[in-house]
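Peer 1: quick one, what's the 3D model for this:
(one chain, ligands or ions: 1)
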Amino acid sequence: MKTLPTLFENNEAWAQAKEASDPGFFERHAGGQSPKYLWIGCADSRVPPNQLLGLDPGEIFVHRNIANQVHHSDLSMLSVVQYAVEHLKVEHVIVCGHYGCGGVAASVDGQRHGIVDNWIKPIADVAEAHEGELAEMDEAGKLDRLCELNVLAQARNLSRSTVLEDARNRGQKLEIHSWIYGLADGKVKSLQDPLVG
Ligand code: CO
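Peer 2: Alright, predicted model coming up:
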């Protein structure tokens, strides 16, 4: 007996509708993938890249973790980035955070949350580096800005990663984008011109 029957029903309906609107879709995709984009985003259930960008399966390679971190020692993230850059040859890497990020808030609230505290420590360093700017703001503004600063810091980390350094040295065409998503309006906004990798 299947557990979670609703999800299986949803899936059946989705697969049938997809095949009906685009015959051969699954057969074509079973042969391989060639996405143009890599997404590094937060694990938050409210920020699903394919849905919010209107992309089909096969169009975006995805890595998600709490608070969209790019740590130089994260083998999972680095493996994803290397595969996307060197094999899939994506042209754009999008680091996307979101306003109201619980991971960002937790990094500076002075409370214990568990293992995740170790994961989000670097965001507290970002807050410290921008202490002056953040001190001028109210609590909500401060958190919004820290969400933005976190994206920019992680995009810089990505740009400095060995995989991206190697890509630059090979002359591979690649842009890194720093984006932030608004939970309250569903809109994505760019935080700066893309870094050219
Ligand atoms: Co988040």
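Peer 1: against which helices or strands is whichever helix or strand C96 is part of packed?
Peer 2: Here C96 sits within strand 92-98, counting by DSSP states H and E. For strand 92-98, the helices and strands in contact under the criterion 3 or more CB pairs under 8 Å, 6 or more residues apart in numbering; DSSP states H and E are strand 37-42, helix 139-159, strand 175-181. The way it works is simple: take the backbone N, C-alpha and C, and place the C-beta from them, glycine included.
Peer 1: quick check: mean pLDDT across the shortest one?
Peer 2: In other words, strand 37-42. The average of the pLDDT scores along strand 37-42 is 98.
Peer 1: strand 175-181 and that one, what's the angle between them?
Peer 2: Comparing the axes of strand 37-42 and strand 175-181 via axes from the mean of the first three to the mean of the last three CA atoms, to 10 degrees yields an angle of 40 degrees.
Peer 1: for strand 37-42, which strands pair with it and how are they oriented?
Peer 2: Partner strands and pairing direction for strand 37-42 (DSSP bridges) are strand 60-65 (parallel), strand 92-98 (parallel).
Peer 1: just the C-alpha atoms of the first one, please, in PDB.
Peer 2: What that stands for is strand 60-65. Below are the C-alpha coordinates for strand 60-65, written out as PDB (Å, rounded to 0.1, in the frame of the first residue of the first chain):
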ATOM      1  CA  ILE A  60      17.900  24.600 -13.900                       C
ATOM      2  CA  PHE A  61      20.500  22.700 -11.900                       C
ATOM      3  CA  VAL A  62      19.800  23.200  -8.200                       C
ATOM      4  CA  HIS A  63      21.700  23.200  -4.900                       C
ATOM      5  CA  ARG A  64      19.800  24.300  -1.700                       C
ATOM      6  CA  ASN A  65      20.900  24.600   1.900                       C
END
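Peer 1: contact partners for the closest residue to R160 other than its chain neighbours?
Peer 2: Leaving aside its sequence neighbours, R160 sits nearest to H72 (CB to CB, 6 or more residues apart in numbering; 7.8 Å). For H72, the contacting residues are L78, N157, R160, S161, taking CB atoms under 8 Å, 6 or more residues apart in numbering as the criterion.
Peer 1: could I get the residues you listed as TSV with pLDDT, distance to the ion and neighbour count?
Peer 2: Converted to TSV, the contacts of H72 look like this (pLDDT from 0 to 100; distance: CB to the ion, whole Å; neighbours: other CB atoms under 10 Å):
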residue	pLDDT	distance to the ion	neighbour count
L78	98	21	18
N157	97	17	18
R160	97	23	11
S161	97	21	21
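Peer 1: please identify which pair of the residues you listed lies farthest apart.
Peer 2: With distance counted by CB to CB, no two of the contacts of H72 lie farther apart than L78 and R160, which are 12.2 Å apart.
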